[in-house]
Structures are given as structure tokens and as C-alpha cells.
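Colleague: Got a sequence here, can you model it:
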Amino acid sequence: MPRTRDESAQRARLSEAVFTTLAEAGPTGLTLRAVATRAGCSTGLVLHTFPDKRALLLHARDVLHERTRARADAAQAGAPDPAEAVRAVSLGALALDAERLAEARAWVAFLAAALGDPVLRERHVRNSRAFVDRLARLLAEAVPLPPGTAELRASALAASVEGITALAAGDPERWTPEAQRSALELALSTALQHSQARSEG
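Modeller: I've put the predicted structure just below:
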């Protein structure tokens, strides 16, 4: 039992080291040596767990997805209605504190690495689409919309959320939490707007 606990704690340290190194140093700085130094272990141990850099990147992306998914689940569950769930889930994805700023930096870093790697790109696409699908389901419940409109609005809203967080990752001094919230409210006002039929005549 103690050995199992030790292995579990070691895995947790490695996992956090991989994610934090990517967030702070970007894809070029995510090396076996950097992860080993941060985790306080040998490069051999890192290599035993993650056989190559792609494995490091995929693990960091999975950590990010699980963190954001759990936050979105909690935000959705705590919202009084679907419209507020859309707002809460969207706000939860912004870089409003140090933890979420690190997540935004890791997201941008992974995307940069994924541009030239089809395996990384597939993981990025799958996880990003899951966010859009969640927003589409909530919007369809929140607002009476014509067929296909919820998906279109969800895509536009997700693009706004991801654009805001990417900008905050690169320029947090300008993209303060207040600036992020203000920009998101503009996007939400469009996403949650009721459709109006065009009058004829």
C-alpha cells in the first residue's frame, strides 16, 4: 500500500511538472530535463512515464481538458437556468486568476505545437469541439432558435472566449479580468439574443 501511494504521489508530481512547465516555458521549453528538475526526479524517471515530447504535450493537454471540464460541470450544475449556465461556463473559461492564466498559456502553447503535428492537432480539435458542443446544448435550452442557429452561436461564442483568453495569455496587463468580462458580455449579449422573424411587406 505505501508503495502504491508513493507511485501515485510521484505520478501527480510529474503531471503537475509537465503542465506547469508547458504553461511557463511554452512548447520549446517543455523538455525531459525541465520536467525532471521541476518534479525533483531523474530524467530517466520522466522518460519511463513519458517516452517522448509528444507524450508530454498530450498529457499536458489532457490535464488542461480535465481541469476545464470539471470547472464547466460545476458552473453548469450551479446555474439557476440554461441562460445563466451559458454565462457561467463562458466566464469559467476566461483567464480571471493566476490558475486560469496558466491554463490559458498552456492552451496557447499546445496549439502552437499542434499546428505541425496531426496527433496533437486531433486532440486539440476534439477537446475544443467538446466546449462548443456544450455551449450549443445550453444555448438551445436557453433561447428559442431556428435549427442550426444554436450551433452557429456557440461557435461564435467559443471563438470569443478562446480569443479573449489567448489575448490575456499574451498581454495580461491589458486584458485584466475586468476587460475580459466586458468583452465576454458583448459576445454573450449576441449569443443569448432571441431571434426575431423578419416582418414582411
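Colleague: how far out from the middle of the chain is stretch 45-62?
Modeller: Its chain's C-alpha centre and that of stretch 45-62 lie 19 Å apart, by C-alpha atoms, centre = their mean, to the nearest Å.
Colleague: Give me the mean pLDDT for it.
Modeller: Here the mean pLDDT over stretch 45-62 is 92, rounded to a whole number.
Colleague: Endpoints of it, how far apart?
Modeller: Distance across stretch 45-62, first residue to last, is 20 Å (C-alpha to C-alpha, to the nearest Å).
Colleague: give me the number of residues near Ala113?
Modeller: 24 (other C-beta atoms under 10 Å). C-beta here means a position set from N, CA and C on the backbone, and glycine is covered the same way.
Colleague: Begin at 36 from now on, thanks
Modeller: Right, with 36 as the first residue, what we last looked at is Ala148.
Colleague: Give me the pLDDT value at it.
Modeller: 95.
Colleague: Could you do Glu235 as well?
Modeller: Among the per-residue scores, Glu235 holds a pLDDT of 35.
Colleague: and if you look at Thr39?
Modeller: Taken from the predicted model, the pLDDT recorded for Thr39 is 56.
Colleague: Might you quantify the distance of the longest helix along the chain from its chain's geometric centre?
Modeller: Longest among the helix segments of the chain by residue count, using DSSP state H, is helix 37-64. Using C-alpha atoms, centre = their mean, the distance from the centre of helix 37-64 to the centre of the chain it belongs to is 18 Å.
Colleague: quick one: buried residues of that helix?
Modeller: Taking 16 or more other C-beta atoms under 10 Å as the neighbour-count basis, helix 37-64 is seen to contain the buried residues Leu49, Ser50, Ala52, Val53, Phe54, Thr55, Thr56, Leu57, Ala58, Gly61, Pro62.
Colleague: quick one, what contacts the first one?
Modeller: Going back to what we said before, that points to Leu49. Contacts of Leu49 were listed using C-beta atoms under 8 Å, 6 or more residues apart in numbering, and they are Val70, Ala74, Cys76, Leu80, Val81, Thr84, Phe85.
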